[in-house]
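Chemist: when you get a sec, could you give me coordinates for this:
(2 chains)
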Amino acid sequence: DTGVSQNPRHKITKRGQNVTFRCDPISEHNRLYWYRQTLGQGPEFLTYFQNEAQLEKSRLLSDRFSAERPKGSFSTLEIQRTEQGDSAMYLCASSLGEQFFGPGTRLTVL
Amino acid sequence: KNEVEQSPQNLTAQEGEFITINCSYSVGISALHWLQQHPGGGIVSLFMLSSGKKKHGRLIATINIQEKHSSLHITASHPRDSAVYICAVRRHGGSQGNLIFGKGTKLSVKP
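Modeler: Below is the predicted model:
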């Protein structure tokens, strides 16, 4: 499968725990994006990388959130001290032009 | 008011019907995307438009830049078309990353 992949697909955690998600983009794509989608809403932009450089961060990305793309390939999104309001689908996309989306990681914070 | 508005929010159709989903936006854009999201979350990009009209199979997308409006049409609808259809725009002069999404239109096609 040469599409965008995300792991895990589902994560259930207790409030206060840290979680980390991974996104593997399409191999030749230099741009990588993270979005968050809550129930009944469209996705909201979180952050964007071009190669290993994080070029833009939304104000939605509080200091509990950190994203990295250390070698310009895969990316990780970490949420520290999770809160119930962090429960959402976290979507990754990659592009050279048009964005291709991964299947998402559904996070449930109890 | 959201910068991207879609209508209707929910749509139920009978198999074979012609379907139209509308998207209006209030900002200057460099591109507009139509996306399809199935239950379970995965998003598939259907079209990226900056002008005119595109067609792929039974799907047609049009955009009127002057009116800041786009439509997605599905001809001869089928139950497998049931999904959420999302309109997203890239703001003119905005970064490559920052797409602004509508809330989506949930389509259900009955056999």
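Chemist: okay, the closest residue to B:G52 other than its chain neighbours: pLDDT?
Modeler: In this structure, B:G52 finds its nearest non-sequential neighbour in B:I63, 6.8 Å apart by C-beta to C-beta, 6 or more residues apart in numbering or on different chains. Placement of C-beta: from N, CA and C, glycine included. The model reports B:I63 with a pLDDT of 97.
Chemist: how about A:E56?
Modeler: A:E56 is given a pLDDT of 87.
Chemist: let's verify it: helix, strand, or coil?
Modeler: Following DSSP: H, G, I helix; E, B strand; the rest coil, A:E56 is assigned to strand.
Chemist: and for it, the neighbour number?
Modeler: Applying other C-beta atoms under 10 Å in any protein chain shown, we find 17 residues neighbouring A:E56.
Chemist: what's the burial count for residue 63?
Modeler: Just so you know, I chose chain A. Counted with other C-beta under 10 Å, the neighbours of A:D63 add up to 6.
Chemist: wrong one, I was asking about chain B
Modeler: Neighbours around B:I63, by other C-beta under 10 Å: 23.
Chemist: what pairs with it across the strands?
Modeler: B:G52, B:S70 (DSSP bridges).
Chemist: from memory it sits against B:L32, does it?
Modeler: Yes: counting by C-beta atoms under 8 Å, B:L32 is a contact partner of B:I63 at 5.6 Å.
Chemist: who touches both of the two?
Modeler: Here B:I63 and B:L32 have B:L49, B:S50, B:S70 as joint contacts, going by C-beta atoms under 8 Å, 6 or more residues apart in numbering or on different chains.
Chemist: out of the helices and strands in chain A, which is least certain?
Modeler: strand A:99-101 (a mean of 88; mean pLDDT, DSSP states H and E).
Chemist: for stretch B:64-81, buried residues please.
Modeler: B:K68, B:S70, B:S71, B:L72, B:H73, B:I74, B:S77, B:D81 (16 or more other C-beta atoms under 10 Å in any protein chain shown).
Chemist: if you could redo that for stretch A:59-76, that was the one I meant.
Modeler: For stretch A:59-76, burial by neighbour count (16+ other C-beta under 10 Å) applies to A:L61, A:F65, A:S66, A:A67, A:R69, A:F74, A:S75.
Chemist: burial count for the residue of chain A found nearest chain B?
Modeler: Using C-beta to the nearest C-beta, the single residue of chain A nearest to chain B is A:Y48, 2.7 Å away. If you count neighbours by other C-beta under 10 Å, A:Y48 ends up with 25.
Chemist: pretty sure it sits against A:Y35.
Modeler: No: the pair A:Y48 / A:Y35 is not scored as a contact, 9.7 Å apart, by C-beta under 8 Å.
Chemist: what's the distance between stretch B:42-57 and the middle of its chain?
Modeler: Chain-centre distance of stretch B:42-57: 8 Å, with C-alpha atoms, centre = their mean, to the nearest Å.
Chemist: output it as PDB - backbone C-alpha positions only.
Modeler: Extracted C-alpha coordinates of stretch B:42-57, given in PDB (Å, rounded to 0.1, in the frame of the first residue of the first chain):
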ATOM      1  CA  GLY B  42     -10.700   7.900   5.900                       C
ATOM      2  CA  ILE B  43     -10.800  10.900   3.600                       C
ATOM      3  CA  VAL B  44     -10.400  10.600  -0.200                       C
ATOM      4  CA  SER B  45      -9.700  13.600  -2.300                       C
ATOM      5  CA  LEU B  46     -12.300  13.800  -5.200                       C
ATOM      6  CA  PHE B  47     -11.400  17.100  -6.900                       C
ATOM      7  CA  MET B  48      -9.100  20.100  -6.600                       C
ATOM      8  CA  LEU B  49     -10.500  23.100  -8.600                       C
ATOM      9  CA  SER B  50      -9.300  26.600  -9.200                       C
ATOM     10  CA  SER B  51     -11.700  27.400 -12.000                       C
ATOM     11  CA  GLY B  52     -14.300  25.900 -14.300                       C
ATOM     12  CA  LYS B  53     -15.500  22.300 -14.100                       C
ATOM     13  CA  LYS B  54     -14.000  18.900 -13.600                       C
ATOM     14  CA  LYS B  55     -15.600  15.500 -14.200                       C
ATOM     15  CA  HIS B  56     -14.600  12.000 -13.000                       C
ATOM     16  CA  GLY B  57     -17.000   9.200 -13.700                       C
END
